[in-house]
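In: sequence and predicted structure below; questions after.
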Amino acid sequence: MMKKVLSIAGSDCSGGAGIQADLKTFSAHGVYGMSVIVSVVAENTGRVIGIEDVSPDMVGKQIDPVMYAKNGCPLMEPAAVKTLIETVIPLADVLTPNIPETERITGSRIGSAADMEEAAKAIHTKNTHGTGCTFSSAVASQLARGLNIREAVQKAKDYVTMAIVGGCTVVQLREKDIPSLDFYLLASEIKKITDRYDIPLIINDRIDIAMAVGAAGVHIGQNDIPADIARKIIGKDMLLGVSVGVEAEAVHAVKAGTDYLGVGAMFPTKTKPDALAVSMEELKRIRKAVDIPIVVIGGINRENAMLFHPMGIDGLAVVSAVIAGPDIKRSAAALRELFFGKENCH
């Protein structure tokens with residue numbers, strides 16, 4: 001019988017955190033997710049706009065409390081924070097605070113991985129580890145499936161790692177609206193994983209972060225810093241990728257010193273719902289016009305992955321097609337096989 005996991009948390013209308021993120025993670029781990037909403041939060045990745053608490057009569061107790069959004073906006077009243085720190089946290093088996101929450105709990109500033117380790121030691125609960133909604137939900141899923149805390153935490157770490165390296169040949173880190181320090185720390189940790197597997201790390205948009213962590217390259221869009229200026233900043237040794245949607249943009253990007261193109265969105269995608277569609281005919285024109293590698297993006301999945309390699313396309317850029325599956329590594333391998341063909345996928 002499928003195990004059941006209950007998440008008691010806030011509702012995030014953007015879908016990137018809170019109950020919504022919990023339920024997606026539960027599904028990916030093969031458990032049945034249930035939820036109790038303690039607050040309705042109007043927010044996006046950049047700021048919290050409004051919060052409406054659900055009455056105490058509708059909520060038993062908080063077992064997955066959230067104090068601060070990742071961007072630092074407070075989600076709990078000061079009195080509630082005090083009760084959380086003094087009463088609830090000492091009872092917890094596993095704690096997964098984000099950076100602003102950890103700073104509030106410990107009273108210390110976090111500016112490096114070493115600061116994170118010291119903060120973890122300072123929080124008085126039986127076991128500590130910090131990352132966020134997806135990680136905490138992954139832990140809860142594995143606990144529900146009968147693992148002990150140490151095993152569940154390791155499984156959750158494997159889940160995050162496989163989301164990055166399972167079958168992929170390049171990893172791109174895309175974080176649009178988190179503070180620069182958080183982005184730098186996140187990129188530094190992810191680079192440890194990509195280095196371990198000898199996989200290039202590409203940073204989206206942020207040239208400063210890419211150079212600071214020693215990433216293999218940077219990827220920019222049409223509304224970012226011009227490609228020729230980006231090339232001057234990063235030098236000749238770092239990779240430069242540019243998103244394009246039409247032939248003229250592709251030709252201009254090549255002249256500016258671009259190493260590869262990201263073309264899309266090829267199909268509708270929940271990751272970037274406002275992205276303009278690129279037709280297969282336009283993709284063919286772009287392929288004919290340039291001689292650098294092309295990666296297609298947007299709505300790529302098992303139903304269409306086989307369409308592109310015969311057209312001379314060099315790779316697929318995917319998120320949901322791999323992350324949302326119950327077996328991330330197998331999902332990535334299946335896409336590789338569909339793209340290259342069974343005989344040529346290795």
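Out: Now that the structure is in, tell me what you want to look at.
In: ranges for the strands of this structure?
Out: Taking DSSP state E as the test, the strands found in the chain are 4-12, 32-43, 48-53, 171-173, 201-204, 217-220, 239-244, 260-263, 294-297, 315-317.
In: who wins for proximity to D182 among these?
Out: Across the strands of the chain, the minimum distance to D182, taken as C-beta to C-beta, is reached by strand 171-173, at 12.0 Å. No exception for glycine: its C-beta is placed from N, CA and C like everyone else's.
In: partners of the closest one in the sheet?
Out: Take DSSP bridges as the rule and strand 171-173 pairs in its sheet with strand 201-204 (parallel).
In: report the mean per-residue pLDDT for the partner strand.
Out: Mean pLDDT, strand 201-204: 92.
In: same question for stretch 22-32.
Out: Rounded mean pLDDT across stretch 22-32 is 73.
In: A216: neighbour count?
Out: A count of neighbours around A216, defined by other C-beta atoms under 10 Å, yields 18.
In: quick check: it touching D237?
Out: No - using C-beta atoms under 8 Å, A216 makes no contact with D237, being 9.4 Å away.
In: what do these two both touch?
Out: Residues within reach of A216 and of D237 at once, by C-beta atoms under 8 Å, 6 or more residues apart in numbering: there are none.
In: about what we covered before: nearest to K82, of the strands of the chain?
Out: Between K82 and the strands of the chain, the tightest spacing by C-beta to C-beta is seen for strand 48-53, at 16.4 Å.
In: okay, the angle between that closest one and strand 32-43?
Out: Here strand 48-53 points in a direction 120 degrees away from that of strand 32-43 (axes from the mean of the first three to the mean of the last three C-alpha atoms, to 10 degrees).
In: quick one, strand 48-53 and strand 4-12 angle?
Out: The directions of strand 48-53 and strand 4-12 differ by 130 degrees, with the same axes, to 10 degrees as the criterion.
In: kindly export strand 48-53 (C-alpha atoms) in CSV.
Out: Extracted C-alpha coordinates of strand 48-53, given in CSV (Å, rounded to 0.1, in the frame of the first residue of the first chain):
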residue,chain,number,x,y,z
VAL,A,48,6.1,38.5,-0.3
ILE,A,49,3.1,40.6,-1.1
GLY,A,50,0.6,39.5,1.5
ILE,A,51,-0.1,36.8,4.1
GLU,A,52,-3.5,35.6,5.4
ASP,A,53,-3.3,33.1,8.4
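In: what lines up beside that strand in the sheet?
Out: Strand 48-53 has its sheet partners listed here by DSSP bridges as strand 32-43 (antiparallel).
In: list the buried residues of the partner strand.
Out: Neighbour-count burial for strand 32-43, counted by 16 or more other C-beta atoms under 10 Å, picks out 33, 35-41, 43.
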